[in-house]
Structures are given as C-alpha cells and as structure tokens.
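K.L.:
Need a 3D model of the following:
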Amino acid sequence: MSDRFAIPKSISKTAIDSLHAKLSAVDAGWLSNNTDNNDSSSSLDGYTQILEQIHDGIEGPHSKRRRQTPLVNAGYAARMAVMTFILEKWIDSVVSRHHDNEGINVVVLGCGLDVLGLWSRNVLDEALTNHHRHSENQTPRLNVYEVDAWDNFALKQHALERSGILHACRTANNRNDDNAKESPFCTLIEGTINQATRKDDLSDYHLIAMDFRDICKDNLLLKKALDSTGFDPSQPTIILSELVLAYVGYASTNAILQSISRDLLCGNECSMFACLEPMLPTQVGQHHDSTNKKQLLSVKESYARDYANQFLGKLNRGTSSSSSADDDVFHPLGSNRETIIARFISCGFSMSNLDAVSLRKAVAKVSSTRRLRAKEPFDEHAALALNLDCYAVACAFGGSNNDGDVRCLLPWLDQSLNNSSSTIKITTIADSSQDKLVGDLYGRIYTHLYNKYPAIRKMVKTALKTDLVADSTNDSSAIQNRFKARGGEFWIAIDMESSEIVGCIGVRQRKTKECEEDDKGGTSSPFSVVEYEVQRLAVDNKHRGKGIGKRLLNDVYEYSLRQGMVEKEKKGLSVKLLAVTPEVLVNANNLYNAFGFIKEESFEGGLTMNVYCKTTMI
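P.N.:
Numbering: from 1, shown residues only. Take a look at the predicted model:
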C-alpha cells in the first residue's frame with residue numbers, strides 16, 4: 001500500500017481493525033441469515049460479500065485474514081447484527097408506507113471501512129421485492145452519503161477503486177489539491193453502487209471527507225457538506241453512527257447531535273438517527289491507590305471501568321506527547337441510559353421521540369430473529385454480557401407527533417411512549433385568556449379535598465393570588481411572564497377536540513452552584529449543579545390516565561436539561577429537578593416515582609409534604 005493511504009493515527013487505525021474483526025466474526029459463522037425463510041440470496045449475504053470486497057481492495061484478494069478470539073468475534077457479530085437489523089427494518093418500513101418514487105437517504109457518519117451505506121442498495125432491492133413494487137414509477141431513488149475523516153476516506157476511496165464496488169461517475173479533488181486543503185470538507189467520489197441489479201441511477205453514492213471536530217467551529221458544517229451533494233432532508237432519512245462519536249470529543253459530539261436534530265431529521269416523521277456507541281464511565285485513566293478513599297465496585301462497574309481504560313490506553317498509543325491534557329481522545333456517549341437520553345435532550349431531541357438501551361438488550365431481541373448464532377465453541381457468556389453492557393444503542397426519531405410506526409419496528413425500544421393520547425397537545429401558555437382557564441382548572445380540581453385538608457385550600461388560594469393570577473389589562477400571558485422572570489417556563493395541555501385546557505405545569509430555576517465530585521476511582525472533578533423546581537402540576541380529573549402528567553413532566557425535564565447546558569456548556573453538569581407535593585395527592589406522588597424522582601424527605605406544613613428529586617449528570 002502506498003504512503004498516501006497509510007493511517008498515521010491510532011484512531012484512524014480502528015477502521016482497519018474493525019474490518020478485520022467483522023470478517024473474522026463472519027468467517028466463524030456468527031452472522032447468519034434467518035434460516036426460516038430458506039432464502040440463500042438474503043441481503044445479509046450481500047453485506048458479507050461487500051465486506052470481503054473492501055478487504056480484498058485494501059489487502060489484496062489472496063491475503064490471509066486475521067482470526068480473532070471467540071469473545072471478540074461474538075462482540076463484533078452483535079454490533080453487526082443490530083446495525084444491519086435497524087437499517088433493514090427502517091428501509092422496509094419506508095417502502096411499505098410510501099408508494100411513490102420518493103427518494104430515500106442513508107447517511108453514515110464515520111463510516112470507516114464498514115459497508116452499511118453500500119449494502120443499503122441490496123436492502124432496498126429486497127424490500128421492493130417483498131412488497132411487490134417493481135414498476136419504475138414505484139421505485140424510490142436511493143442516495144447514500146458517507147462522511148468520515150480524510151485518512152479513513154483515502155483508504156475507502158482506494159478500496160472502492162480496486163474492488164469495483166462503485167462505478168465512479170466523478171472523482172473530485174483529493175486532499176493534496178490546494179482547493180481541498182482550504183475547504184473544511186470535500187466530496188471525494190460521486191458514483192453508482194454496482195451491488196444492485198439496477199445500475200441506471202447516476203451518483204447515488206457520495207463520499208465526503210471532513211473532520212467532525214470542525215463542527216464545533218461551524219455548527220452548520222455537516223449540513224453544508226451534505227447540501228453540496230444535493231441532499232434533501234425532506235425525504236425519509238436514516239443517519240447511522242457506529243463507534244464514531246466517542247472519538248471526536250465531548251463538545252464535537254454535542255455539535256454533531258445538535259446538527260442531526262436541527263438539520264437532518266427536520267421534523268420528518270419517517271426519519272431516524274441510530275448510533276451504537278460506548279456506554280462507560282466518563283472519567284477514566286485514573287487509578288485507585290492506597291491514599292484514596294476505598295469504595296466498593298460491582299463486577300459490572302469494575303469491568304466497565306477497566307474496559308474504558310483499555311480503550312483509552314489503546315488510543316493513547318501513538319498519539320503525540322505534546323497533546324493538551326484537555327484534548328478528548330475518547331469520550332463515551334454516557335455512563336448509562338439516563339445520561340445518554342439527557343445528553344440527547346440537551347442537544348435538541350425530544351424525550352418522546354428517543355430511547356437508548358444497552359447493546360446486550362438490543363442483541364437479545366435481534367437474536368430471536370436467528371440472525372446471531374454461535375457456530376464456533378463458545379463458553380464466555382458472562383464476559384460477553386459484561387462487554388455488551390459497555391455499549392449503547394440510541395435511536396431518535398423525527399416528527400413532533402410521536403409517530404410509533406417506525407419505533408415499533410425496533411423491539412427493544414420503550415413502546416410505552418406511544419400510549420399517550422394523540423388528541424392532547426402540550427404547548428407553552430401564550431395569552432391572558434389561557435391564564436384565566438388555567439386558574440379555573442387549578443381552582444376546581446382540588447375542591448373535593450378542601451373540607452378534609454384545609455391546608456390544600458390554602459395552597460390553592462395562595463397560588464391563585466400569586467403566580468397563577470391573570471392580568472386582563474395585558475394580552476400576553478402574565479403567568480408565563482412570571483415564570484420566565486424566575487428563569488422558568490409554563491406549559492398547558494389542550495384537548496384539541498374540545499379546546500379545553502386539561503393540564504398545566506410550571507418550572508423555575510432555583511440556583512446554580514459549583515461543586516467537586518469524588519468518583520469511585522478516587523478522583524475529584526469540578527462540576528456545576530443547576531437546580532429547578534416543578535410547580536403547579538395539575539391534570540383535569542376527567543382526563544387522568546391518558547399520560548398527560550407524564551408528557552407535562554417530559555417538557556419540564558427537557559427544558560431543565562437544555563437550559564442547564566446554556567448555563568454551563570462544559571463537562572461536569574448536574575441538573576437537579578425538585579418537586580414538593582402533599583402526600584395525600586396519591587396520583588402526583590405516583591407520577592413522580594414513575595418518572596424516576598426519588599423522595600428525599602418529608603416535612604409537616606399543615607399536612608405531610610413530600611420532597612422529590614431527580615438528578616441527572618450530563
């Protein structure tokens with residue numbers, strides 16, 4: 001291989017390592033077609049075939065393949081099984097729901113030498129056959145966009161040219177050209193994928209080189225790069241990322257997530273983003289010694305911490321010693337499901353349209369399709385489970401109506417988010433007429449408790465005389481103005497059939513403080529704590545059981561996370577959401593418990609009041 005295609009950095013070297021490991025898993029028989037359909041031409045055969053062609057394009061057709069251990073094979077097979085499953089299910093859903101020639105976009109971020117984008121042509125052909133769509137006016141146009149670093153794409157370009165996978169219509173300037181050096185991105189190749197039976201499409205494949213870290217400097221950079229190729233986000237789009245975000249740094253990952261939410265999903269109910277990234281402790285590289293306070297770690301925590309240090313150690317080999325200590329060589333997507341979801345929300349995604357699970361849970365569902373099988377001796381099941389728990393599969397969906405059709409295709413996702421009433425709209429309060437309706441709602445829902453609990457009567461009257469009082473002399477919402485003045489917001493739930501206000505909730509900021517955390521590795525790190533308090537949560541008695549309270553809390557939670565990031569755009573942010581409610585309001589107490597709040601204390605104030613808290617580290 002010429003020096004032009006050498007990989008000078010350890011991060012870039014992972015592209016070749018991953019290719020060899022995936023082929024090793026395939027050779028060991030881990031990735032299988034669903035044998036129930038007895039279809040030897042299933043699209044998974046195409047996936048493995050393209051992997052082999054890319055390998056031969058780099059190493060040569062007669063080169064010896066590297067064989068990995070059974071545990072490594074199983075881990076890579078799990079990754080391939082889940083990512084191919086997601087792509088197949090999404091394309092099949094788009095084909096089944098749209099009966100015109102609308103285009104379909106497949107965007108692969110940090111594709112390296114993987115072949116998901118190239119393989120999507122095979123998947124589309126199979127979906128068209130399954131749904132009996134063969135006529136020309138029923139065939140959607142597939143557009144594949146692969147984006148990665150210069151060094152990785154020099155390799156990919158080399159592999160594509162030698163393997164014959166791509167019929168190149170146009171080869172753009174390469175990195176050595178002056179124009180390419182001055183531009184933050186460059187389309188290296190536009191061509192046609194030769195894997196499918198139809199070869200009449202022109203430029204359905206686009207190979208774009210850019211440094212993802214530059215998105216921090218220009219938050220529209222990813223959009224500009226895709227727009228330069230004619231990308232249309234109004235068409236159904238899937239964005240895929242596999243072990244990419246962990247390598248570009250914390251701030252760059254946030255910028256990428258913000259761009260995906262704002263520029264690529266664009267509210268399109270048929271579009272989705274799926275990523276498979278490390279889910280590990282965010283503070284690694286620090287070792288416990290005898291001078292540090294000893295803390296007991298579980299087996300899972302110990303494995304995750306050691307695994308994170310292995311990641312970091314591997315990446316540090318070959319990096320420059322002059323690199324700043326603040327440089328992010330490796331940063332996981334989050335330490336658990338909650339922190340990942342919180343991070344997505346802080347980057348503009350809606351809680352009702354996203355979910356995350358461990359790779360182990362996703363694989364358990366995919367395995368039921370008989371896609372993942374052990375065809376070599378394997379007895380390291382406990383180690384495999386611990387390894388798969390170190391990765392997360394996160395999915396986010398476009399659209400504002402929480403359309404469940406795409407979500408239901410992925411069996412490991414939380415389907416309960418689709419159960420709320422579609423006739424209820426949650427929105428911020430807008431004018432004085434709505435202020436009066438909120439006062440009427442809050443004043444009537446607790447009347448049945450007044451005689452037995454005079455303190456509740458007092459609580460309601462105080463609210464109606466202070467933050468919930470209407471101002472008829474002003475068209476704008478006086479309630480909203482009061483909450484905004486205290487660093488908060490106020491929402492209402494409207495029944496779209498009757499135009500009634502059937503629920504409300506407010507939040508205000510309490511305080512921000514700087515702290516230091518002593519983690520389980522014995523290290524201390526600074527972080528900020530931003531506190532918010534939930535207030536005036538109410539749901540009309542006639543509309544309970546429809547998920548309105550949960551949706552109102554969702555909006556408060558999302559607001560607190562996003563505003564928290566505005567307050568402190570750095571690592572080490574803790575958002576603390578507080579709520580105080582009378583113990584006699586059983587439904588409210590149950591709602592806070594179900595939402596993940598923890599009861600911290602109780603106090604007497606005419607009646608027993610419970611204090612709940614939900615703390616999220618970002």
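K.L.:
how far away is residue 487 from residue 214?
P.N.:
33 Å (C-beta to C-beta, to the nearest Å). Where C-beta positions appear, they are placed from N, C-alpha and C, glycine not excepted.
K.L.:
scratch that, residue 539 is what I was asking about
P.N.:
Residue 539 is 46 Å from residue 214, by C-beta to C-beta.
K.L.:
for residue 29, same thing?
P.N.:
Distance from residue 29 to residue 214, by C-beta to C-beta: 41 Å.
K.L.:
Neighbour count: those two, which is higher?
P.N.:
More neighbours surround residue 214 than the other of residue 29 and residue 214, with 16 against 13 (other C-beta atoms under 10 Å).
K.L.:
right, and that one touches residue 224 too?
P.N.:
No. With contact defined as C-beta atoms under 8 Å, residue 214 and residue 224 do not form a contacting pair (10.7 Å).
K.L.:
List the contacts of the residue nearest to residue 77 when sequence neighbours are not counted.
P.N.:
Nearest residue to residue 77, sequence neighbours excluded (C-beta to C-beta, 6 or more residues apart in numbering): residue 30, at 3.4 Å. Applying C-beta atoms under 8 Å, 6 or more residues apart in numbering, we find residue 30 in contact with 73-74, 76-77, 372-376.
K.L.:
among those, which are in helices?
P.N.:
Counted as lying in helices by DSSP state H, out of these, are 73-74, 76-77.
K.L.:
So, low pLDDT: which residues of the stretch 451-600 of the chain?
P.N.:
Within the stretch 451-600 of the chain, the ranges that satisfy pLDDT under 70 run 514-527, 566-572.
K.L.:
neighbouring contacts of stretch 580-594?
P.N.:
Contacts of stretch 580-594 (C-beta under 8 Å, 6+ apart): 449, 453, 455-456, 459, 533, 537, 539, 544, 549-550, 553, 579, 599, 602, 607-612.
K.L.:
change it to 6 Å
P.N.:
Residues outside stretch 580-594 that contact it (C-beta atoms under 6 Å, 6 or more residues apart in numbering): 549, 579, 607-612.
K.L.:
For these, could you give me a markdown table that also reports neighbour count, secondary structure and distance to residue 355?
P.N.:
Shown next, in a markdown table, are the contacts of stretch 580-594 (neighbours: other C-beta atoms under 10 Å; DSSP: H, G, I helix; E, B strand; the rest coil; distance: C-beta to C-beta, whole Å):
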| residue | neighbour count | secondary structure | distance to residue 355 |
| --- | --- | --- | --- |
| 549 | 25 | helix | 20 |
| 579 | 25 | strand | 24 |
| 607 | 16 | coil | 38 |
| 608 | 12 | strand | 35 |
| 609 | 17 | strand | 33 |
| 610 | 20 | strand | 29 |
| 611 | 15 | strand | 29 |
| 612 | 22 | strand | 23 |
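K.L.:
now these as a markdown table including distance to residue 391?
P.N.:
What follows is the contacts of stretch 580-594, written out as a markdown table (distance: C-beta to C-beta, whole Å):
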| residue | distance to residue 391 |
| --- | --- |
| 549 | 33 |
| 579 | 33 |
| 607 | 47 |
| 608 | 44 |
| 609 | 42 |
| 610 | 37 |
| 611 | 36 |
| 612 | 32 |
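K.L.:
Confidence-wise, which of those residues comes last?
P.N.:
Minimum pLDDT across the contacts of stretch 580-594 is recorded for residue 607, with 91.
K.L.:
For stretch 485-496, which outside residues touch it?
P.N.:
Counting by C-beta under 6 Å, 6+ apart, 423-426, 428-429, 479-480, 483, 501-509, 548, 555, 559 sit against stretch 485-496.
K.L.:
and it, how far apart are its ends?
P.N.:
Start-to-end span of stretch 485-496 (C-alpha to C-alpha, to the nearest Å) is 29 Å.
K.L.:
Which neighbouring elements make contact with the one helix or strand residue 107 maps to?
P.N.:
Here residue 107, judged by DSSP states H and E, is contained in strand 104-109. Strand 104-109 sits against helix 116-130, strand 142-148, strand 237-242, with contacts defined as 3 or more C-beta pairs under 6 Å, 6 or more residues apart in numbering; DSSP states H and E.
K.L.:
Using JSON lines, lay out these together with distance to residue 334 and mean pLDDT.
P.N.:
JSON lines is the format used below for the helices and strands packed on strand 104-109 (distance: least, C-beta to C-beta, whole Å; pLDDT from 0 to 100):
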{"stretch": "helix 116-130", "distance to residue 334": "23", "mean pLDDT": "90"}
{"stretch": "strand 142-148", "distance to residue 334": "23", "mean pLDDT": "92"}
{"stretch": "strand 237-242", "distance to residue 334": "14", "mean pLDDT": "96"}
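K.L.:
export those to a markdown table and tack on distance to residue 270?
P.N.:
Shown next, in a markdown table, are the helices and strands packed on strand 104-109 (distance: least, C-beta to C-beta, whole Å):
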| stretch | distance to residue 270 |
| --- | --- |
| helix 116-130 | 14 |
| strand 142-148 | 14 |
| strand 237-242 | 8 |
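K.L.:
now these as a markdown table including distance to residue 261 and mean neighbour count?
P.N.:
Formatted as a markdown table, those follow (distance: least, C-beta to C-beta, whole Å; neighbours: other C-beta atoms under 10 Å):
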| stretch | distance to residue 261 | mean neighbour count |
| --- | --- | --- |
| helix 116-130 | 21 | 22 |
| strand 142-148 | 17 | 24 |
| strand 237-242 | 10 | 25 |
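K.L.:
circling back: which among the contacts of stretch 580-594 gets closest to residue 274?
P.N.:
residue 549 (29.6 Å; C-beta to C-beta).
K.L.:
show me the contacts for that closest one.
P.N.:
Counting by C-beta under 6 Å, 6+ apart, residue 549 has contacts 539, 591.
K.L.:
same thing but 8 Å
P.N.:
503, 537, 539, 587-588, 591.
K.L.:
Repeat that for residue 211.
P.N.:
Applying C-beta under 8 Å, 6+ apart, the residues near residue 211 are 149-150, 184.
K.L.:
cool, residue 277 as well?
P.N.:
When contacts are counted by C-beta under 8 Å, 6+ apart, residue 277 touches 241-246, 332-333, 391-392, 394.
K.L.:
State the mean pLDDT of the strand or helix carrying residue 19.
P.N.:
Residue 19 belongs to helix 10-27 when assigned by DSSP H and E. On average, the pLDDT along helix 10-27 is 84.
K.L.:
how many degrees apart are it and strand 142-148 in direction?
P.N.:
Relative orientation of helix 10-27 and strand 142-148, computed by axes from the mean of the first three to the mean of the last three C-alpha atoms, to 10 degrees: 130 degrees.
K.L.:
and helix 10-27, what does it pack onto?
P.N.:
helix 43-59, helix 70-97, helix 150-163, helix 299-316 (3 or more C-beta pairs under 8 Å, 6 or more residues apart in numbering; DSSP states H and E).
K.L.:
make it 6 Å
P.N.:
helix 43-59, helix 70-97, helix 150-163.
K.L.:
Of all the ones you listed, which one is nearest residue 300?
P.N.:
helix 70-97 (16.1 Å).
K.L.:
can you tell me the average pLDDT over the closest one?
P.N.:
pLDDT averaged over helix 70-97 gives 92.
K.L.:
what angle separates that helix from helix 116-130?
P.N.:
Using the same axes, to 10 degrees: helix 70-97 against helix 116-130 is 50 degrees.
K.L.:
For helix 70-97, name the packing helices and strands.
P.N.:
helix 10-27, helix 116-130, helix 359-367, helix 381-388.
K.L.:
Could you single out the most deeply buried of these?
P.N.:
helix 116-130 (a mean of 22; mean count of other C-beta atoms under 10 Å).
K.L.:
thinking again about what came up before, I'd like the helices and strands packed on helix 10-27 as a markdown table, with mean neighbour count appended.
P.N.:
Formatted as a markdown table, these follow (neighbours: other C-beta atoms under 10 Å):
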| stretch | mean neighbour count |
| --- | --- |
| helix 43-59 | 20 |
| helix 70-97 | 22 |
| helix 150-163 | 21 |
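K.L.:
of those helices, which approaches residue 387 most closely?
P.N.:
Nearest to residue 387, of the helices and strands packed on helix 10-27 and by C-beta to C-beta, is helix 70-97 at 5.3 Å.
K.L.:
and that closest one with helix 359-367, angle?
P.N.:
Using the same axes, to 10 degrees, helix 70-97 lies at 60 degrees relative to helix 359-367.
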